[in-house]
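Participant: coordinates only, sequence not included:
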């Protein structure tokens, strides 16, 4: 016997969270205790105590299941308390049993939701009692009482006949009270409060690509030292703030630092059991939320919380969390960070004094969970997480930083929360100072042209630069550059009539050529600085640069003179005039602090910005830099566009180190053919090569041997693809050094360098700063972040640009004072930092990992999303070569689009399924666009603006309903979600569904089309197509199904399935009979079992056994069957008559009993028939799974339908509803003759087997019989 009541609102929280958990995480929300004793426990008394405890605690006898969208608590009168006993020889065996006992999931609808186990350990002569409960039946308050109950029953012989049935009424009183409280609570208070906060805390996971469905929970235990705990206790008493609120606030502060978010939300449990129901049994814990903003001082933050708790929190604590998260746009109530205090009553008493050890804890679902407990002496806390999200070192750092923060605020309660750091002094020194100790000797006081002149003097005959068949030695290049320098001075003195001063800008506009190199060097030798202007630039951009720089003179070529306006002085580098000047070195006063060049980069305002770089910055990049040993026999390829800062490294890396610079022809003609490029590299003995990431990806995937002869291969510009780098590093023949070179233009090309190896990367690090460069990772308040925490990269030291030309406001915004500059830094001029906008984090070894752009971080539906994170995961998909994810907007709604390059286009569903295993739903792109290659900018970088618009906003192409069931479900869903059209492949939760709407949808399915669907099934199926498949392929066989509620009607009606189907064919009929019969469906045994039954008598006997389990009155039976289901019903009646039952009524829906003619006209069921049937069913659009089931039962069901009733029915009242119309599709099945013969039978041969037969003719076809039109007669007979 059992009692069924509506489950409490707080049970729903655990129920819904359980639905969201993958299979291997179903043990989350378990409470457990382990008690270790010497071998002196009385096992018999313990078993009696456990059983008595179960008998008097109805929560232990409870299950939870849903009916038509309503969660119910089923309380059984009796549940057996099983004590599992184990004997082990080794500790490892004991640990394995403990792990299995604790983590084995409970089926909330079927299992006892507790588990008791006893481990007899031979190795240390102890016994350990394990108790495990699901949180849905027990909270920490009740845990202690339950353990006390077990202890009392153990020490005093219990009366096993005592139960607590009377207390169930008290539980129902509570649920009514709770319903009223929830109704009065203001959910909008929480909605308005939490909508201002991000729905996800961006925790710095150990790696981006994580199969979250495979994660298991892990935890580590920590303890506050005595002095710190003493301070905490003292502060709590003096300030009047509870330890919990202090801990909660410190935890929120730490999480905000770790997430680099000013606002975070922390979940915490709240006991809602009121005083008048203090003894009620069960779990009455609600989840409340602490929205924290990092501002003000610590004590003010506590005071504000206390005030708000008194005014609003307590008033609105009885909210429906399920409803709240639904209104916030989530279908998951588990915020990823939580804090909780272990209730002191959680421990409970031990059974005797020999207990040497006990442990109690709970398992939650948060990604990072602080659980603490305190006693008079100390405070211990554990950090619970999911393995692979964070490693042990990370948890250790979190634990230490928690202590650091706590100590700092207790020492100074008025400390500013926005500026406080969690770092210890030693950590601070390591991150800020030690990892930036990169100074080494390089000629920082010399200029570029001075160092070039040294090379010209040292190796005058060596080839400096080569373009096709033209070559210049160092002496020749120096001489020609001097001629240009002299000519520039002449122009300024005689023509422009202005003094030529250091920092004077001169434009240079030339295709890649010897003249380009001569011109650049000539400008520097003249004492000026050059500004490259691409000959292919549009007129407006050229005009902007000329206006912004106020350039008077542009060096170009004769073929390009017409591109410039009349008021600009032009000097053609390939003219006789330019080559007629003196060729000796000029004596000028330029220093290393003067400008070398100004390069224009794209600006966020739409106008380019001129980055001013000084000589010393270039020198620090290419001379004695510590990562690249350029020698005189090296050959560098000048592949980057001259307007791109990588050209700085290529040109001056070669010319200031005595190496050779090779200029490819035109606009990189050598890249037109991979074979041509390979020959070019080999022929010219290229030893140092820089490539953009996109260009490297394209080239390497065409030929992975392309770079075998390269000594240094530098790749950069964007985040590298780990799979390609690992593959290249693993090759036997490969570049000697493979470097990931990171840096913005403002840092003079490179700021950090990483030497790649063949380790399997989650992402390829960008390395460490080099040669007096400095890198700081800071939060929004410019505080250094901890190792593993994502912050923004700020660069400083050598290489830093002077600023943006003629843009003082932008310069002041992006170049800030260096708050970490030491006295030595100040002496060297390292007093500024550049804000890069790049999101990065420190790895434990000091290397830096690139995480994406701050301006690529978007917010969609309240979730903050890092686009780079999605790109990294999708890049790991097999055969995907390149990926970029963008945000698009359609009719005011933002959505994500993934563009990818691969050999062939993939099914979007496959990509989505892959991503869904590694990323949460809100990070899944809605559209996937296949491209054969990405468009590139002139600099070789991805041209995002040139990517095509996606053809569909929703990648799930609309698929219309295929049958009546799907049409009805879609109609219900469209009305519920107010979204049209909805296709059968559209994900319920991605088109607006949430947990509340899930409840409503399930309820409407039951009330409108009598389709029973569990909430858990909706969560797992998610779309109409999958629900249809689920309905058609129920995995577990339920022999007898209650199809409506028992309203204590006089009669129960058992409805036997028809051929090739289950009892669901009677759904419409049940709806019509709801007020007259309690209907049970007998489902098709053969559809669900490999071993078929082909005997009419055997299948009838089996079904009768099921019927007797539900039949209240064993002397009266009402049976119904359509088609062959009626044949089985008649045989059941025959068996009942043999047993002496006389009150039997059988309703036959056009059941036709076999005779010789029917057997002759019926098709022979053999292999050819089955093939023909399969072909026809596919042609009619039936699903493969359904066709497979039908084919599997054809032979046994045919034999059953032709079998003979075992006896004449003498007492059974048989009512035959005879179909008079032909089926519309009879011709398609080849059954014309059989149908006509059946219609000619006045009683369908039923009269041959029964004496009490009533025939009622119905103007329906055989297929239409379940629709009704004969119900009036059935209802009347049902009343007698």
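Facilitator: In hand now; what should we look at? What you see is a predicted model; the values in this text were computed from it and never measured.
Participant: Now do the longest helix along the chain: distance to the chain's middle.
Facilitator: For the chain, the helix that runs over the most residues, judged by DSSP state H, is helix 392-411. Taking CA atoms, centre = their mean, to the nearest Å, the mean C-alpha location of helix 392-411 is offset from the chain mean by 28 Å.
Participant: Mind giving me the packing neighbours of it?
Facilitator: The criterion is 3 or more CB pairs under 8 Å, 6 or more residues apart in numbering; DSSP states H and E, and the helices and strands that helix 392-411 contacts are strand 217-223, helix 226-239, helix 243-259, strand 379-386. For glycine as for every other residue, the C-beta is placed from the backbone atoms N, C-alpha and C.
Participant: Let me have these in TSV, extended by distance to residue 979 and mean pLDDT.
Facilitator: Listed next are the helices and strands packed on helix 392-411 as TSV, based on distance: least, CB to CB, whole Å; pLDDT from 0 to 100:
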stretch	distance to residue 979	mean pLDDT
strand 217-223	37	84
helix 226-239	51	92
helix 243-259	33	93
strand 379-386	34	86
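Participant: Select, out of the ones you listed, the one closest to residue 431.
Facilitator: Ranking the helices and strands packed on helix 392-411 by distance to residue 431, with CB to CB as the measure, places helix 243-259 first at 13.6 Å.
Participant: Quick one: mean pLDDT for the very next helix or strand once past the closest one?
Facilitator: In the C-terminal direction, the helix or strand that comes right after helix 243-259 (DSSP states H and E) is strand 263-271. Averaging pLDDT along strand 263-271 gives 86.
Participant: buried set for strand 263-271?
Facilitator: Of the residues in strand 263-271, those buried under the neighbour-count criterion (16 or more other CB atoms under 10 Å) are 263-270.
Participant: What of stretch 61-73?
Facilitator: Within stretch 61-73, the residues that count as buried by 16+ other CB under 10 Å are 61-69, 71-73.
Participant: sorry, back to before: and for the longest helix of the chain, what are the contacting residues?
Facilitator: Residues lying outside helix 392-411 but in contact with it, judged by CB atoms under 8 Å, 6 or more residues apart in numbering, are 206, 220, 222, 224-225, 228, 231-232, 235, 246, 250-251, 253-254, 257-258, 298, 368, 370, 381, 383, 385, 390, 415, 420, 422-424, 786-788, 844.
Participant: Show me which of the residues you listed are buried.
Facilitator: Neighbour counting over the contacts of helix 392-411 (16+ other CB under 10 Å) leaves 206, 222, 224, 228, 231-232, 235, 246, 250-251, 253-254, 257-258, 298, 368, 370, 381, 383, 385, 390, 415, 420, 422-423, 786-788 as the buried ones.
Participant: how is this structure carved up into domains?
Facilitator: Structurally, the chain divides into domains by automatic domain parsing as follows: 2-180, 186-348+364-419, 443-623, 861-955, 964-1032, 1040-1278.
Participant: Which of those comes out lowest on mean pLDDT?
Facilitator: Note on these: domain 861-955 shows the lowest mean pLDDT, a mean of 76.
Participant: thinking again about what came up before, out of the domains of the chain, which comes closest to residue 762?
Facilitator: Proximity of the domains of the chain to residue 762 was assessed by CB to CB; the nearest stretch is domain 186-348+364-419, lying at 3.8 Å.
Participant: With distance to residue 773 and secondary structure as new columns, can the buried residues of stretch 61-73 be given to me in TSV?
Facilitator: Rendered in TSV, the data for the buried residues of stretch 61-73 read as follows (distance: CB to CB, whole Å; DSSP: H, G, I helix; E, B strand; the rest coil):
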residue	distance to residue 773	secondary structure
61	69	helix
62	65	strand
63	64	strand
64	61	strand
65	64	strand
66	61	strand
67	67	strand
68	67	coil
69	62	coil
71	60	strand
72	66	strand
73	65	strand
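Participant: Between these, which sits nearest residue 157?
Facilitator: The closest of those to residue 157 turns out to be residue 61 (CB to CB; 21.6 Å).
Participant: what about the closest residue to residue 534 other than its chain neighbours, neighbour count?
Facilitator: Using CB to CB, 6 or more residues apart in numbering and skipping the chain neighbours, the partner closest in space to residue 534 is residue 643 (4.9 Å). By other CB atoms under 10 Å, 21 other residues sit near residue 643.
Participant: next one: the one 4 residues further on
Facilitator: Neighbours of residue 647 under the rule other CB under 10 Å: 23.
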